[in-house]
Structures are given as C-alpha cells and as structure tokens.
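Enquirer: coordinates for the following, if possible.
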Amino acid sequence: MKISIINGSHRHNAQSAKVAGFLAGQLEQLRLADEIWRFDLTDNPLPLWDEGIWSGDAKWQQLLTPLSAQLASSDGFIIIAPEWHGMAPSGLKNFLLLWGNNELAHKPALIVGVSSSVGGTYPVAELRMNSSKNNRLCYIPEHLIIRNVEQVLNESGENDTEADTYYRERSAFALGLLEQYAQALRPVRAAEGTFNAKFKNGM
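Expert: Predicted coordinates:
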C-alpha cells in the first residue's frame, strides 16, 4: 500500500507542511502504508499548465515523467489544502490540472483543509466540486479540517490539549478509512472497461 501526500501550500515554513509530516507519521505508526511519498508545492516547482503537455513537449516530459511514475504507483492520496482568501492555493489547482494519463484515476483521496483560524471549509468544497472531472480522482466522503493549526500537532508539545487530542483521533479515523477505500478500489482499476480511451475525459 502506497499513500502519497501532496502539500498544496506554496509557502516556506508552512503549517500545511507540519500537517503533512504529522499525517505521514500517523500512517507509519498505524501501519496503514508500506510506502509513503510526499510532494511539496513550496515555491511552486511546477509551471502553469500549457498545451505543451498535450503535444509531448520535452520540457514537460522531463519535468512530469518522474512525478507521473510516483503518482501512478500510488494507491491513495492525501491532498492538503490551506485556505487562502477562501480558496485552495493556485499551485494546488495547477497540480491537479497536469495529470491526464490515469495517474490519479479511480484512486481515493482524503482532503485535509488547513486554517490559522476557524476557516478551512471553502477549499474542501472547491476541490470536491471542480478538481477531479478529467483526472478522475475519487475524494472519499470523510475529510479533515485542521483549524487554529498553530495550536495543534506541534512536536514541541505546546498544544491546545483538547483540540490536539481531537485532531489526532479524528485523523487516525480518517486515515483508516482512506486505507480501506484504497483496498476497495484496486479491483475497480483492474476491471475490464474501467479505462476507456473514447471517454477519457469526464462530462
């Protein structure tokens, strides 16, 4: 079982990176994954989408081929989306535009919203609404929203005890569900007719 974690924050020293590290540790501790791959969008390492992806531009092939291999070999994903101005970060949306060769298709993903205050809802709704039509990523019904993120999941132990305990327990529950969905969707991907070139894109 391979789970990939996508940290959608562009910022240095982002709280989203802290959350990504915590969830990676939980996957290991709970033995929910044999392999964990993490990709951080710090400093926007990927250019904005352009038509060169469709035409096989060498620039895009060189950049995306190793990432495509990592994603294609994954069984499930954790998508971490901090709320910026009520939106998911543009780099994260750009990342989700890039994959059209079934790297993400029919694989489960857990959305994790992050907020420095009591927000975090809008990126969850945004990703569910308009980020999976053509890549066919399957967001599971459960999601996490880590609110007041500076006050929880800190390795130093300087945490809001009640909130920190809740998020640790809730995330363990959500990760367990992600693993179950990852197991359940394997036969879907293996079934004849799941991948149909005639209907490559969603309606």
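
Enquirer: spit out the contact partners of residue 185.
Expert: Residue 185 makes contact with 106, 107, 108, 138, according to CB atoms under 8 Å, 6 or more residues apart in numbering. Where you see a C-beta, it was placed from the backbone N, CA and C, and this is true even at glycine.

Enquirer: now those as TSV including pLDDT, distance to residue 159 and secondary structure?
Expert: Converted to TSV, the contacts of residue 185 look like this (pLDDT from 0 to 100; distance: CB to CB, whole Å; DSSP: H, G, I helix; E, B strand; the rest coil):
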residue	pLDDT	distance to residue 159	secondary structure
106	98	37	coil
107	98	32	coil
108	98	29	strand
138	98	33	strand
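
Enquirer: generate a ChimeraX selection restricted to the buried subset of the residues you listed.
Expert: Those of the contacts of residue 185 that count as buried under 16 or more other CB atoms under 10 Å are selected in ChimeraX with:
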select :106,107,108,138
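
Enquirer: quick one, strands of this protein?
Expert: Counting by DSSP state E, the chain has strands at residues 2-7, 35-40, 76-82, 108-114, 138-146.

Enquirer: contacts for the least confident helix or strand in the chain by mean pLDDT, please.
Expert: Least confident helix or strand, the chain: helix 52-55 with a mean of 91, by mean pLDDT, DSSP states H and E. If you take CB under 8 Å, 6+ apart as the criterion, helix 52-55 is touched by 59, 60, 64, 98, 100.

Enquirer: which helix in the chain has the most residues?
Expert: helix 161-190 (DSSP state H).

Enquirer: now that helix: average pLDDT?
Expert: Averaging pLDDT along helix 161-190 gives 98.

Enquirer: now swap in stretch 141-155 and tell me
Expert: The average pLDDT within stretch 141-155 is 97.

Enquirer: which positions in stretch 21-29 come out as buried?
Expert: Residues 22, 23, 24, 26, 27 are the ones in stretch 21-29 that count as buried (16+ other CB under 10 Å).
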